[in-house]
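Asks: 3D model of this:
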Amino acid sequence: MVTANSGPAAIARRDGPLPARLVNRLISGLVVAIAPPGTSSRLLLLQELSRRRGVCLSEDILRWLAHAMVGGGRQLDGTLQQIEVLRTLTGKPPSLDELRRHFRVPIDAAKPTVERIVNRVSAYFRIDARRVPSPRRHPALMVPRQISMYLARRLTPLSLQQIGHCFGGRDHTTVLHACRKIEEGMKTDARLFGIVRQLHAELA
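Replies: The predicted structure is shown next:
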């Protein structure tokens with residue numbers, strides 16, 4: 001059993017990535033991606049962490065933080081630490097609007113975009129990210145491109161037409177076909193299921 005902060009293809013040693021043969025063996029096993037806690041779990045974590053730190057926050061602020069912030073306990077504890085610093089600097093507890101302004105940049109930076117999705121999928125499959133959205137129909141690009149479209153549909157608010165535009169101006173029916181292809185493939189292909197689940201957890 002191997003545990004890591006990233007999937008087999010992204011694990012690296014000091015002298016470089018793992019050998020391709022070892023990566024393939026790891027991928028062919030059961031790959032389980034442990035997703036970050038959901039909104040309700042983050043709310044419970046924030047309530048407990050704020051209690052331990054003695055940070056008094058309104059329910060509205062806690063719910064907003066649980067919805068807006070990502071990550072696990074360490075990231076949420078860091079968020080509360082920043083709020084404590086803000087309170088020390090201003091001499092009063094920050095309001096919800098002040099917190100929205102303060103955390104706007106990191107929240108926006110963490111949101112999945114088509115570019116980030118393509119870069120992460122390309123890194124996983126070890127291909128040039130510029131080739132994925134290109135008009136080329138090379139067989140080696142088909143699965144990474146379809147996975148990228150599927151994840152873009154799941155993780156961004158873009159329409160099928162907008163996603164198609166990001167992938168070389170493709171028609172919305174092409175994006176829909178790619179999404180259905182991946183969905184159907186995940187039902188029967190355990191390896192594909194593991195890859196998509198892992199990438200989804202890393203990008204969400």
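Asks: which residue is the nearest non-sequential neighbour of the residue positioned nearest the centre of the chain?
Replies: When CA atoms, centre = their mean is applied to the chain, the residue found nearest the centroid is Leu203 (1.3 Å). Distances taken as CB to CB, 6 or more residues apart in numbering place Pro112 nearest to Leu203, at 4.9 Å, with adjacent residues excluded. To be clear about C-beta, it is placed using only N, CA and C from the backbone, and glycine gets the same treatment.
Asks: and stretch 26-36, average pLDDT?
Replies: Stretch 26-36 carries an average pLDDT of 69.
Asks: same question but for stretch 85-99, I mixed them up
Replies: 90.
Asks: so which bits of it are buried?
Replies: Within stretch 85-99, the residues that count as buried by 16 or more other CB atoms under 10 Å are 93-94, 99.
Asks: secondary structure and distance to Val118 added to the residues you listed, as CSV?
Replies: Shown next, in CSV, are those (DSSP: H, G, I helix; E, B strand; the rest coil; distance: CB to CB, whole Å):
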residue, secondary structure, distance to Val118
Pro93, coil, 41
Pro94, coil, 36
Leu99, helix, 32
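Asks: with respect to Tyr124, which of these is nearest?
Replies: Leu99 (34.4 Å; CB to CB).
Asks: what sits against the closest one?
Replies: Contact partners of Leu99, counting by CB atoms under 8 Å, 6 or more residues apart in numbering, are 61, 64-65, 83, 86.
Asks: ok, 10 Å please
Replies: Counting by CB atoms under 10 Å, 6 or more residues apart in numbering, Leu99 touches 57, 61, 64-65, 68, 79, 82-83, 86, 93.
Asks: so among these, which ones count as buried?
Replies: By 16+ other CB under 10 Å, those give 57, 61, 64-65, 68, 79, 83, 93 as buried.
Asks: closest one of those residues to Leu43?
Replies: Leu65 (8.2 Å).
Asks: ok, then the element right after the helix or strand encompassing the closest one?
Replies: Remark: Leu65 resides in helix 59-68, with elements defined by DSSP states H and E. Next in sequence after helix 59-68, counting helices and strands by DSSP H and E, comes helix 73-90.
Asks: surely Arg126 and Leu18 touch.
Replies: No - Arg126 lies out of contact with Leu18 (CB atoms under 10 Å); the separation is 11.3 Å.
Asks: settle it for me: which of the two has more neighbours?
Replies: Higher neighbour count among Arg126 and Leu18: Leu18, with 16 against 11, using other CB atoms under 10 Å.
Asks: from Ala123, how far out is that one?
Replies: From Leu18 across to Ala123, the span is 14 Å (CB to CB, to the nearest Å).
Asks: the strands in the chain, which residues?
Replies: For the chain, the strands defined by DSSP state E cover 12-13, 16-17.
Asks: measure His67 to Pro106 for me?
Replies: Look at His67 and Pro106: by CB to CB, they are 14 Å apart.
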